[in-house]
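Enquirer: quick one, what's the 3D model for this:
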Amino acid sequence: MPQVSRSAHPRTTYQRTGRPRRAMTLVELLTVIFILVLLMASALPLARMALADRKITTATRQLTTFIEGIRARAAGSNRPMGIWIERDPLNPMGGYQLFAATVPQPYGGDVLNALAYLHDDNRDGILDTAYFFRNECGFLDTYFQDGFLGGTIKPPYLRNVRFGDRIRLGTSSPEYMITSDILDVDQNRVKLHFRHPDAVIEQAPVATPLDPLNPRVTYTPIHLKPHFQTSSSGVPQNNLPRAVKVRFQIVRAPRKALVKPLQLPAGIVIDLSNSGIGIPSSQAVWPFQDPNTGALLRPGQGQEFAPGLDRDTSYANDGISNLDVYKSVPTLNGPVIGDQRPVVIMFEPDGSIRSITCSRLGLNHRPTNNIHLLVGRREQLQTPSPYAPNGLRYSMNPNAPALWFINQNLSDTANRWVSISPRSGGVTSSENGWVVNSDTSNGGASFTGSLQACRQFAQDAQTSTLGR
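Expert: From the prediction side, this is the model:
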């Protein structure tokens with residue numbers, strides 16, 4: 001019987017020794033992964049810090065570009081425009097939303113022959129009240145369109161003309177400051193009070209509210225008397241007679257404009273508690289009362305954009321009132337913490353700064369020194385303390401602990417300053433040159449001295465090649 005082969009091509013076994021492998025073993029793969037995890041764990045904090053610093057730089061560029069764009073709009077429209085810095089609802093020490101602000105067109109009545117009827121309501125010989133007829137000046141009406149009797153009254157903050165606006169009487173008079181909201185007289189008339197911009201306060205109680213930016217305050221009239229030139233008999237020479245009918249023009253305060261707002265990157269804010277005008281001076285005398293607005297100022301302090309005080313009655317040796325109240329105001333949408341009044345910086349068409357409006361400076365403050373805005377981190381904003389209920393830090397409180405002088409945003413050298421020139425409106429940015437300064441008599445740390453050195457670095461950026 002013939003033998004049959006099981007396969008025409010018998011299987012041949014090859015030896016594969018010396019041939020490279022195409023994969024890694026499990027032990028080798030786990031070792032490589034473990035090494036990569038260690039490298040990532042060590043590099044992640046450094047990358048996180050670099051990313052945070054990059055957000056500061058990005059926010060600074062956005063803020064600088066936004067300000068430059070507003071100045072360009074003012075030049076293009078030949079009308080004043082500015083920036084409106086909205087405070088953070090949860091911490092008014094800072095703000096991360098910026099809006100464009102514009103001055104509305106002056107108002108002179110709904111009809112061509114609309115007039116203001118001037119009276120001396122308090123009978124002191126000085127005209128201080130203007131009456132208007134509703135059918136001539138419907139724009140000033142205090143009620144909605146459903147009428148005076150049985151109608152719905154407008155809240156003060158929804159009225160078209162408010163405390164702090166200005167009125168020009170006749171064709172060549174100065175702008176008088178409106179010192180009241182629109183008030184009802186009868187079914188046909190409304191009125192408002194005004195005073196000369198050069199008036200001084202006589203016997204004004206310090207606790208009397210004089211705040212044109214807070215719609216929650218009920219204003220109490222303050223007795224004001226203008227500086228009029230008088231004759232030898234003591235009779236004012238340039239005072240207007242009683243019951244004068246004149247043409248008028250109301251110049252309203254800045255309002256938000258229909259321009260796309262700017263929102264800074266998440267976690268980045270403008271530290272308003274450390275922003276202000278010029279370089280702070282430790283020689284300032286507090287308080288100082290502005291003769292134009294009645295606002296309580298702290299000249300040379302350098303923190304003019306900080307939240308305002310809820311009550312100014314008596315001043316302690318640390319430069320702030322020992323009766324200040326940092327309180328939450330309830331609203332329909334929940335509590336509003338602290339002072340929510342904005343900081344408004346207006347530019348003229350030629351680029352110069354027209355005015356600054358904020359809690360501590362009142363209305364239409366015209367700066368003479370550079371404006372400095374500190375771009376920092378939201379988690380490093382100051383919070384109220386028993387030594388400073390409004391969040392500010394001073395170096396003159398002998399009972400304050402050492403940590404009281406530490407300000408995180410000011411001491412963070414990764415933060416940046418954005419400075420604006422009051423004359424040219426030029427915008428520059430510079431590093432935060434924080435140094436610890438000790439200029440007190442007992443050798444302790446001085447917050448004012450450190451802020452002076454920090455702000456000086458930003459000030460130099462306006463006149464050197466440091467600004468970018």
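Enquirer: doesn't Asp184 make contact with Leu192?
Expert: No. If you go by Cβ atoms under 8 Å, Leu192 and Asp184 don't touch, sitting 11.0 Å apart. The way it works is simple: take the backbone N, C-alpha and C, and place the C-beta from them, glycine included.
Enquirer: more crowded one of these two?
Expert: Leu192 (23 against 14; other Cβ atoms under 10 Å).
Enquirer: could you look up the SS state of that one?
Expert: Put simply, Leu192 is strand when judged by DSSP: H, G, I helix; E, B strand; the rest coil.
Enquirer: who touches it in this structure?
Expert: Residues counted as contacts of Leu192 (Cβ atoms under 8 Å, 6 or more residues apart in numbering) are 129-130, 132, 140, 161, 167, 178, 180-183.
Enquirer: top of these by number of neighbours, please.
Expert: Within the contacts of Leu192, most neighbours by other Cβ under 10 Å means Phe132, with 26 neighbours.
Enquirer: thinking again about what came up before, closest one to Phe34 out of the contacts of Leu192, please.
Expert: Among the contacts of Leu192, Asp181 lies closest to Phe34 (Cβ to Cβ), at 70.9 Å.
Enquirer: show me the helices in this protein, by range?
Expert: 26-77, 408-411, 447-460 (DSSP state H).
Enquirer: show me this protein divided up by domain.
Expert: 50-103+258-460, 104-253 (automatic domain parsing).
Enquirer: and the closest residue to Arg378 other than its chain neighbours, how far is that from Leu374?
Expert: Among residues not flanking Arg378 along the chain, Val269 sits closest, at 4.7 Å (Cβ to Cβ, 6 or more residues apart in numbering). Using Cβ to Cβ, to the nearest Å, we find Val269 at a distance of 9 Å from Leu374.
Enquirer: now swap in Glu348 and tell me
Expert: Taking Cβ to Cβ, one finds Glu348 at 25 Å from Leu374.
Enquirer: which one's more surrounded, those two?
Expert: Ranked by neighbour count (other Cβ under 10 Å), Glu348 and Leu374 place Leu374 first, with 26 against 18.
Enquirer: for the more buried one, list each beta-bridge partner.
Expert: Counting by DSSP bridges, Leu374 is bridged to Asp271, Trp417.
Enquirer: wouldn't it be in contact with Asn274 here?
Expert: Yes. With contact defined as Cβ under 8 Å, Leu374 counts as touching Asn274 (4.8 Å).
Enquirer: what sits in contact with each of those two?
Expert: Common contact partners of Leu374 and Asn274 (Cβ under 8 Å, 6+ apart): 409-410.
Enquirer: do you know the pLDDT at the nearest residue to Ser411 once chain neighbours are set aside?
Expert: Nearest residue to Ser411, sequence neighbours excluded (Cβ to Cβ, 6+ apart): Trp434, at 5.2 Å. Trp434 is assigned 73 on the pLDDT scale.
Enquirer: ok, now Ile85?
Expert: pLDDT at Ile85 comes out at 94.
Enquirer: cool, Ile70 as well?
Expert: pLDDT, Ile70: 94.
Enquirer: what sits against it?
Expert: Counted by Cβ under 8 Å, 6+ apart, Ile70 has contacts 81-83, 100, 259, 347.
Enquirer: so which of those residues sits lowest on pLDDT?
Expert: For the contacts of Ile70, the pLDDT minimum is Val259, 89.
Enquirer: ok, for that one, nearest residue in space, not its chain neighbours?
Expert: According to Cβ to Cβ, 6+ apart, the nearest residue to Val259 is Ala100 (3.6 Å).
Enquirer: re the thing from before, strands - which of the contacts of Leu192 land there?
Expert: 129-130, 132, 167, 178, 183 (DSSP state E).
Enquirer: low-confidence stretches in the stretch 51-200 of the chain?
Expert: Applying pLDDT under 70 to the stretch 51-200 of the chain flags the ranges 51-53, 123-126, 144-152, 155-158, 172-174, 196-200.
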